[in-house]
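Trainee: Give me coordinates for this.
(2 chains)
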There are 2 protein chains.
Amino acid sequence: MVAKCSVFIATSLDGFIARSDGSIAWLNEANKSITPGEDCGYSKFMADVDALVMGRNTFEQVLTFDSWPYGSTPVAVVSQRGVSLPSNLPPSVSVSNETPSALVARLTEHGAKKIYVDGGLTIQSFLAAGLIDDITITVIPVLLGSGRPLFGPLLADVRLTHESTTAFDFGFVQNRYRIIRDAYPRGEFNVATSTFL
Amino acid sequence: MVAKCSVFIATSLDGFIARSDGSIAWLNEANKSITPGEDCGYSKFMADVDALVMGRNTFEQVLTFDSWPYGSTPVAVVSQRGVSLPSNLPPSVSVSNETPSALVARLTEHGAKKIYVDGGLTIQSFLAAGLIDDITITVIPVLLGSGRPLFGPLLADVRLTHESTTAFDFGFVQNRYRIIRDAYPRGEFNVATSTFL
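Mentor: The predicted model follows:
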């Protein structure tokens, strides 16, 4: 049984996860409007995550946090070019240049049942490979006009089943979808060149 | 009092209103899943629309319908290049090469209180000009991967107030937002060249 791959991410109403330079200051600003104590389901989502997969951009964003947020949960940083890991990171962090399917197979072998896939290009490559099971998108009420999009090119339409929607008092709208798998051709997506292999 | 400009539109989860060639067959297909009798608020939205503004692409889409759907409500087809109107259309249909603000001013003078702005580039130009009051987006549970996006470049962030969300049993999620106006620099957006003037 291959591990389930889940996405949990915030976007602007026009679908961006970061500005073109990678900045998420707009998101941090929006997060100030969140009701104290509300985490929009994040801790519940994280509770049964066995492993994380993220791209280099997301990893570098995480490195700017005050402390490493993922404890000893295995984190695979996906990069074709290689990433140098700061020495103060726990040994649970590794770099991978595997294809999405090879990486998921290996994490599954090591016991992972639920993998949190994070970062725009990484999510896109896993989607294109037919590996994503469910997506939770929290839409922030702002239009950025440009930036790094959550979604990218696909070999074919991906149909989804809507599972739930939560509209928060502070204007965020969270939608959860399940991917209808085996309904579209899969391809390995080369993150480095943004082309299908 | 300038007429209120409203958007009422459907997009894929990745933010496209049509495929790259303008086709909305994917949307027509999705619409087959709608509960009989449900119109997702369209007739209620249309009830107090005094005038419509749409781009040439949307207009040509409307021309493929079995009959002209807007009765005698004034419809301005925005085009810099000009559009030839079929002779069987009612006299309420006209072509405009005015700027968004000039067009809204003229329609307001003629008594319009609520203008329905439709079509991707037209909506983008009105947004960039600071003329949109509210947006109702119905999100269809499909990823297209590419196509004509609802949103485009902006001179600055546009913040919105979330007003309501309706999740339909058949998987569509409809969100209504009000634009926080006067919160960003306005510019006239040239639809023909996709650049700010």
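Trainee: Ramachandran coordinates for the residue nearest the centre of chain A?
Mentor: By C-alpha atoms, centre = their mean, the mean C-alpha position of chain A lies nearest to A:Asp118, the distance being 2.0 Å. Its backbone dihedrals place A:Asp118 at phi -130, psi 150, with angles given as degrees, to the nearest 10.
Trainee: mind checking how far the residue lying closest to it once chain neighbours are set aside is from chain B?
Mentor: Closest residue in space to A:Asp118, ignoring its immediate chain neighbours: A:Met54 at 4.3 Å, by C-beta to C-beta, 6 or more residues apart in numbering or on different chains. Using the backbone N, CA and C atoms, a C-beta is placed for each residue, glycine as well. To chain B, A:Met54 is 20 Å away according to C-beta to the nearest C-beta, to the nearest Å.
Trainee: one step back: got the contact list for the residue nearest to the centre of chain A?
Mentor: The contact partners of A:Asp118, taken as C-beta atoms under 8 Å, 6 or more residues apart in numbering or on different chains, are A:7-9, A:52-55, A:58.
Trainee: A:Phe45: neighbour count?
Mentor: When counting by other C-beta atoms under 10 Å in any protein chain shown, one arrives at 18 neighbours for A:Phe45.
Trainee: In contact with it, which residues are there?
Mentor: The neighbourhood of A:Phe45, defined by C-beta under 8 Å, 6+ apart, consists of A:6, A:8, A:116, A:136.
Trainee: quick one, helices of chain A?
Mentor: All helices of chain A, identified by DSSP state H, fall at A:25-31, A:42-47, A:56-63, A:100-109, A:120-128.
Trainee: Dump those helices into TSV; add mean pLDDT as well.
Mentor: Supplementary listing: the helices of chain A in TSV, determined by pLDDT from 0 to 100:
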stretch	mean pLDDT
helix A:25-31	96
helix A:42-47	97
helix A:56-63	93
helix A:100-109	97
helix A:120-128	95
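Trainee: Pick the most buried one from the ones you listed.
Mentor: Among the helices of chain A, ranked by average contacts under mean count of other C-beta atoms under 10 Å in any protein chain shown, first place goes to helix A:120-128 (a mean of 25).
Trainee: Using CSV, list the CA coordinates for that one.
Mentor: Below are the C-alpha coordinates for helix A:120-128, written out as CSV (Å, rounded to 0.1, in the frame of the first residue of the first chain):
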residue,chain,number,x,y,z
GLY,A,120,4.6,24.7,-5.7
LEU,A,121,6.9,22.9,-8.1
THR,A,122,7.0,19.8,-5.9
ILE,A,123,3.3,19.6,-5.6
GLN,A,124,3.0,20.1,-9.4
SER,A,125,5.4,17.3,-10.1
PHE,A,126,3.6,14.9,-7.7
LEU,A,127,0.3,15.8,-9.2
ALA,A,128,1.6,15.2,-12.7
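Trainee: Was I right to think A:Asp48 contacts A:Ile115?
Mentor: No. With contact defined as C-beta atoms under 8 Å, A:Asp48 does not count as touching A:Ile115 (10.8 Å).
Trainee: wait, what's in contact with the closest residue to A:Ser79 other than its chain neighbours?
Mentor: Of all residues beyond its chain neighbours, the one nearest A:Ser79 is A:Arg56 (4.6 Å), with distances taken as C-beta to C-beta, 6+ apart. With contacts taken as C-beta under 8 Å, 6+ apart, A:Arg56 has the following neighbours: A:77-79, A:81, A:83.
Trainee: Next: A:Thr136.
Mentor: Taking C-beta under 8 Å, 6+ apart, we find A:Thr136 in contact with A:6-9, A:41, A:45, A:174-177.
Trainee: just checking, A:Asp157 touches B:Gly145?
Mentor: Yes. Under the criterion of C-beta under 8 Å, A:Asp157 is in contact with B:Gly145, at a separation of 7.1 Å.
Trainee: Next to chain B, which bits of chain A? Give me the list.
Mentor: Contact residues of chain A with respect to chain B, defined by C-beta under 8 Å from any C-beta of the partner chain, are listed as A:13-15, A:26, A:127, A:137, A:139, A:141-146, A:149-162, A:164-165, A:167, A:171-173, A:175, A:177.
Trainee: Which entries within those residues meet the buried criterion?
Mentor: Of all the residues of chain A next to chain B considered here, the ones buried according to neighbour count by 16 or more other C-beta atoms under 10 Å in any protein chain shown are A:13-15, A:26, A:127, A:137, A:139, A:141-145, A:149-152, A:154-155, A:157-160, A:162, A:165, A:167, A:171-173, A:175, A:177.
Trainee: can you count the residues close to A:Asn88?
Mentor: Applying the criterion other C-beta under 10 Å, we find 7 residues in the vicinity of A:Asn88.
Trainee: Roughly how far does it sit from A:Gly82?
Mentor: As judged by C-beta to C-beta, to the nearest Å, A:Asn88 and A:Gly82 stand 19 Å apart.
Trainee: what do you get for A:Asp50?
Mentor: Applying C-beta to C-beta, the value for A:Asp50 to A:Gly82 is 25 Å.
Trainee: again with A:Thr165
Mentor: Going from A:Thr165 to A:Gly82 by C-beta to C-beta gives 40 Å.
Trainee: quick one: which of the contacts of A:Thr136 has the most company?
Mentor: Neighbour max across the contacts of A:Thr136 (other C-beta under 10 Å) = A:Tyr177, 26 neighbours.
Trainee: hmm, back to that, now for the contacts of A:Phe45, which pair is the farthest apart?
Mentor: The largest separation in the contacts of A:Phe45, counting by C-beta to C-beta, is between A:Tyr116 and A:Thr136 at 10.4 Å.
Trainee: In chain A, where is pLDDT below threshold?
Mentor: Low-confidence segments of chain A (pLDDT under 70): A:182-197.
Trainee: what about the closest residue to A:Val49 other than its chain neighbours, distance to B:Asp133?
Mentor: Here the nearest residue to A:Val49 in space, its sequence neighbours aside, is A:Tyr116; by C-beta to C-beta, 6+ apart that works out to 4.6 Å. Between A:Tyr116 and B:Asp133 the distance, using C-beta to C-beta, works out to 39 Å.
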